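Colleague: Just the structure for this:
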Amino acid sequence: MSEKTGKWLGWIGIVVGVVGFFWLSIWLGIVSICAGIAGLFSPQKKLNGIAMAAGVVALIIGIV
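Modeller: A predicted model of the protein is given here:
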């Protein structure tokens with residue numbers, strides 16, 4: 001996967017995760033985690049790790 005694709009997946013995952021804090025927390029958290037995992041196959045590992053973390057926080061907020 002190219003660096004550009006990994007960067008886009010990371011940013012999309014972060015935005016979806018942050019929106020998931022407020023709306024449809026469980027579903028958007030899962031989408032953010034999936035985008036972060038898919039982006040881990042690119043050189044942008046830190047950015048996609050942040051996307052996964054945002055997804056996990058959104059998921060936790062949705063469960064609680």
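
Colleague: what mean pLDDT does stretch 54-63 have?
Modeller: Stretch 54-63 shows a mean pLDDT of 91.

Colleague: and that stretch, which residues are buried?
Modeller: Using 16 or more other CB atoms under 10 Å as the test for burial, stretch 54-63 gives 54-55, 57-59, 62. C-beta: built from backbone N, CA, C; applies to glycine.

Colleague: Likewise for stretch 15-33?
Modeller: 16-20, 25, 28-33.

Colleague: Do you know the pLDDT at residue 49?
Modeller: pLDDT recorded at residue 49 is 91.

Colleague: Let's verify it: helix, strand, or coil?
Modeller: helix (DSSP: H, G, I helix; E, B strand; the rest coil).

Colleague: list the contacts for it?
Modeller: For residue 49, the contacting residues are 36, 40, by CB atoms under 8 Å, 6 or more residues apart in numbering.

Colleague: now the end-to-end length of stretch 34-43.
Modeller: 17 Å (CA to CA, to the nearest Å).

Colleague: which residues are in contact with that stretch?
Modeller: Residues outside stretch 34-43 that contact it (CB under 8 Å, 6+ apart) are 1-3, 5-7, 9-10, 12-13, 16, 47-53, 55.

Colleague: Give me the mean pLDDT for it.
Modeller: On average, stretch 34-43 scores 89.

Colleague: chain center to it: distance?
Modeller: Offset of stretch 34-43 from its chain centre (CA atoms, centre = their mean, to the nearest Å): 9 Å.

Colleague: re earlier: which ones among the contacts of stretch 34-43 map onto helices?
Modeller: Counting by DSSP state H, these place 3, 5-7, 9-10, 12-13, 16, 47-53, 55 in helices.

Colleague: Any quick ChimeraX command for the buried ones out of these?
Modeller: For the buried members of the ones in helices among the contacts of stretch 34-43, the matching ChimeraX selection, counting by 16+ other CB under 10 Å, is:
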select :6,7,9,10,12,13,16,47,48,50,51,52,53,55
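
Colleague: which residue sits closest to residue 31, ignoring its sequence neighbours?
Modeller: Computed as CB to CB, 6 or more residues apart in numbering, the closest residue to residue 31 that is not its neighbour in sequence is residue 16, at 5.2 Å.
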